[in-house]
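In: need a 3D model of the following:
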Amino acid sequence: MSHNLIKKLEPIGHQDTYDKEPFEEYKKRVAPLLPNFPACALENWIYRHWSQINDYAFLGFERMVFKNELWPKDDIYNNIKSYHSDMIDSLGYQIYERHDKTWLQKYILKYRTWNVPIIVYENNTYPEMGKPYHLIEGHLRLNYFRTIYRKEKEVLKDNHRVWVVTIPISEEESGNRISN
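Out: Residues are numbered from 1 along each chain as shown. Okay, the predicted model is just below:
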């Protein structure tokens, strides 16, 4: 992935303030660069977390294919991993211990699911990444989910929306695998 594309994906304005371009304007400008991205994934990952997207640039954003799936809670708990377990298990305790709950904590406790689907990568390629699915976006949501699951999983909804990212193998890559 080119540094040029990453730069083009940067929202205009100040990143951590309300002074950056509104998402609707951003989407008009950037969506043609990432035609496979659903608006939800574009907004909640690339737009909101632009400063961290370099972590996954090697996957090739322009090649990603998204599928919105409904997953059972046991599959979410057991099959989604990260680079380190503390990335998905370090902050979840706050959902019970924090007295001044955030809007996200209130939402998850009320509806027993997340507000937007988390994004996972179906990993068959990279040994350093979580398998079978690697969490790309939604770390805090998954932290809260995992904490509730361990303490009182019966209160969680049975199924939750998840964006599953796959990366199709090009004909050239396919030919290289066969000949090697």
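In: C-alpha from now on. contacts and neighbour counts both.
Out: Noted.
In: next, the contact list for Arg112, please.
Out: Val155, Leu156, Lys157 (C-alpha atoms under 8 Å, 6 or more residues apart in numbering).
In: ramachandran coordinates for the residue lying closest to the second one once chain neighbours are set aside?
Out: Leaving out its chain neighbours, the residue that sits closest to Leu156 by C-alpha to C-alpha, 6 or more residues apart in numbering is Arg112, at 4.8 Å. The phi and psi values for Arg112, taken as degrees, to the nearest 10, are phi 60, psi 30.
In: ranges for the helices of the protein?
Out: 3-8, 23-30, 39-41, 73-79, 86-89, 94-97, 103-111, 139-152, 171-179 (DSSP state H).
In: lowest mean pLDDT across those, which one is that?
Out: Comparing mean pLDDT over the helices of the chain, the weakest stretch is helix 171-179, at a mean of 51.
In: circling back to that earlier point, so which of the helices of the chain is nearest Tyr47?
Out: helix 23-30 (7.3 Å; C-alpha to C-alpha).
In: residues of the closest one that come out buried?
Out: Phe23, Tyr26, Lys27, Val30 (16 or more other C-alpha atoms under 10 Å).
In: list the contacts of Ser82.
Out: By C-alpha under 8 Å, 6+ apart, the neighbours of Ser82 are Ile88, Met129, Gly130, His134, Leu135.
In: over to Val30?
Out: So Val30 contacts Lys8, Leu9 (C-alpha under 8 Å, 6+ apart).
In: next one: it from Ile46, what distance?
Out: According to C-alpha to C-alpha, to the nearest Å, Val30 stands 10 Å off from Ile46.
In: and the residue nearest to Leu156, how far from Asn159?
Out: Plainly put, Arg112 is 10 Å away from Asn159 if you go by C-alpha to C-alpha.
In: residue contacts, the residue positioned nearest the centre of the chain?
Out: Nearest residue to the geometric centre of the chain (C-alpha atoms, centre = their mean): Glu137, 2.2 Å. Neighbouring residues of Glu137 by C-alpha under 8 Å, 6+ apart: Asn44, Trp45, Ile118, Ile119, Val120.
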